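[1] sequence plus the predicted model coming up.
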Amino acid sequence: PGGVPVLRAHGQWILPGLVDAHIHLNTAAEARDAVLKGATSARSGSTTFYQDIAVRELARQAPEQAPRLRAAGVFVTPDLGDTILADPDLAPLARLRHGVRSAEALRRVVEVNLARGADTIKTRVNERAGLPEQDPLVQVYDHEQLSTIVAAARRRGKGVLCHSYSEKGCHDAVTAGIRSLEHGAFVGERTLHEMRRRGTYFTPTLTAIAGLAESSDPVLAERGRTYLPVLKRAVLAAHELGVPLAAGTDSSGGTVDPIGREVELMHAAGLSALDAIRTATTGAAQLLGLD
C-alpha cells in the first residue's frame, strides 16, 4: 500500500524476534512496548501482583501485544512490602517480625507462586543496586536459605533465578543450585568454574548497570560507573570459560529498554558479534526451555 515505509535490506540479514531473559512487565503497555522493541519471547524477573501471569496469557491470545513469557510471579525476598496483598495465602506472613526468612516462610512464598502458575521462581541473595540507600554487596539470604528456595522449586520441576552482586553471594547462590545468576557484577573465577560445571546460566543485565551510570542520583551514577567495567570483565571471563550467557535488560518502572542494546553491550564486553547475538537467541531460548 502507498505510504508504507520500505527498508532496503538486500544483502543483509533479518533476525527473528529476540529473547529478553530478565524483564519486569507490569502493564499491557509495557508488554506491547517490549514486542515493539524486539523481544518476542521473555522471562519475567518478577512482578508485584502477578501481572506477569496475566501477560503470559495475553501473549497466548494476542502475540502482537505481549512477548511469549515465562512468568516468575512474586519475588521471594525478606520484605514483601505491598506484595503481601498479591494473594490472600500470603497474608499470614505479615505476622512475621523478621520477614520471609524461616524455611517455612520461604517455602510458603514458593508454593503460593507455583499455585498461581509461575513458570520459574525469582529470589535474591544481595540488596538492590538501583536504590541508593541499599548496599548491593550486603547479603540478605545465606546458603541454607537459598537451598530451601531451590529445593521447594525443584519439587515442582521449576528453576530459580537469583539477583546477586557480591562474590560470596554469587557463590552461595550457585552452589545452592540456582538455574541462573542475575547481575552478578562481582562474580569470581571460582564461582564461574562452578557455573560451568553445573550449567548455571549468567544473565548480567548490562543494560541496567549502564543505566545506573546515567542516573541523576550521584550515588547510583557512581555505582554504575564502578560496576559496569567490572561486570563487562566478568561477562568476558564467563564466555571464555564456557559459562552459558543470556541477554536480559532488567527493564522496569514503566521503561522498556530494547533488547538489542543488551546485545550491543555483550559485544562491547568482548564477545564476537555472532556470540553476542546468540545470548539473545539460542542461548536465552535454551534457558527459557524454548529450544
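    Here it is on my side, so go on.

[2] in the chain, what spans have low per-residue confidence?
    Regions of the chain meeting the criterion pLDDT under 70 are absent.

[3] at the geometric centre of it, which residue do we find?
    The geometric centre of the chain, computed from its C-alpha atoms, lies nearest to His22 (C-alpha atoms, centre = their mean), at 3.1 Å.

[4] okay, the helix or strand hosting it in CSV with CA atoms only?
    Secondary structure assigned from DSSP states H and E places His22 in strand 18-23. Listed next in CSV are the C-alpha coordinates belonging to strand 18-23 (Å, rounded to 0.1, in the frame of the first residue of the first chain):
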residue,chain,number,x,y,z
LEU,A,18,14.9,-11.7,20.3
VAL,A,19,14.6,-13.1,23.8
ASP,A,20,14.8,-10.8,26.9
ALA,A,21,15.7,-13.2,29.7
HIS,A,22,15.1,-10.7,32.5
ILE,A,23,12.4,-8.1,32.3
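
[5] buried set for the helix or strand that that strand is followed by?
    Counting by DSSP H and E, the next helix or strand C-terminal to strand 18-23 is helix 28-36. Counting neighbours by 16 or more other C-beta atoms under 10 Å, one finds that the buried residues in helix 28-36 are Glu30, Ala31, Arg32, Asp33, Ala34, Val35. No exception for glycine: its C-beta is placed from N, CA and C like everyone else's.

[6] packing partners for helix 28-36?
    The criterion is 3 or more C-beta pairs under 8 Å, 6 or more residues apart in numbering; DSSP states H and E, and the helices and strands that helix 28-36 contacts are helix 51-61.

[7] so the helix it packs on versus strand 18-23, what angle?
    For helix 51-61 and strand 18-23, the angle between their directions (axes from the mean of the first three to the mean of the last three C-alpha atoms, to 10 degrees) works out to 160 degrees.

[8] the helix or strand that comes right after helix 51-61 pairs with which strands, and in what direction?
    Taking DSSP H and E as the definition, the helix or strand that follows helix 51-61 towards the C-terminus is strand 68-70. In the sheet containing strand 68-70, its partner strands are strand 39-44 (parallel), by DSSP bridges.

[9] related to what we said a few turns ago, go through the buried residues of helix 28-36 and say which is closest to Leu192.
    Leu192 lies nearest to Ala34 out of the buried residues of helix 28-36, by C-beta to C-beta, at 29.5 Å.

[10] hmm, Gln65 and the closest one touching each other?
    No: Ala34 lies out of contact with Gln65 (C-beta atoms under 8 Å); the separation is 10.0 Å.

[11] if I read this right, Arg116 contacts Pro88, doesn't it?
    No: Arg116 lies out of contact with Pro88 (C-beta under 8 Å); the separation is 11.5 Å.

[12] same drill for these two, tell me which one is more crowded.
    Neighbour totals were compared for Arg116 and Pro88, and Arg116 leads with 15 against 9 (other C-beta atoms under 10 Å).

[13] tell me the phi and psi of the more buried one?
    Torsion angles at Arg116 (phi, psi; degrees, to the nearest 10) stand at phi -80, psi -10.

[14] and if you look at Pro258?
    For Pro258, the backbone dihedrals are phi -70, psi 130 (criterion: degrees, to the nearest 10).

[15] for Ser252, give me phi and psi.
    Taking degrees, to the nearest 10 as the convention, Ser252 sits at phi -160, psi 170.

[16] again, but for Ser46
    Here is the backbone geometry of Ser46 (degrees, to the nearest 10): phi 100, psi 160.

[17] give me the number of residues near it?
    One way to gauge burial is a neighbour count; for Ser46, by other C-beta under 10 Å, it gives 27.

[18] what separation do you get for it and Pro204?
    Ser46 is 18 Å from Pro204, where distance means C-beta to C-beta, to the nearest Å.

[19] what sits against the closest residue to Arg233 other than its chain neighbours?
    Closest residue to Arg233 apart from its sequence neighbours, by C-beta to C-beta, 6 or more residues apart in numbering: Ala269 at 7.8 Å. Contacts for Ala269 (C-beta atoms under 8 Å, 6 or more residues apart in numbering) come out as Leu206, Leu231, Lys232, Arg233, Val235, Leu236.

[20] CA atoms of stretch 134-148 as CSV?
    Listed in CSV are the C-alpha atoms of stretch 134-148, where the atom choice follows Å, rounded to 0.1, in the frame of the first residue of the first chain:
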residue,chain,number,x,y,z
GLN,A,134,20.9,0.0,49.9
ASP,A,135,24.3,-1.7,49.6
PRO,A,136,24.2,-4.3,46.9
LEU,A,137,27.1,-6.2,48.5
VAL,A,138,25.1,-6.8,51.6
GLN,A,139,23.8,-10.4,51.7
VAL,A,140,20.1,-11.0,52.7
TYR,A,141,19.9,-14.8,52.4
ASP,A,142,22.5,-17.4,53.2
HIS,A,143,23.4,-20.7,51.5
GLU,A,144,20.9,-22.6,53.6
GLN,A,145,18.0,-20.3,52.9
LEU,A,146,18.8,-20.3,49.2
SER,A,147,18.9,-24.1,49.2
THR,A,148,15.5,-24.2,50.8
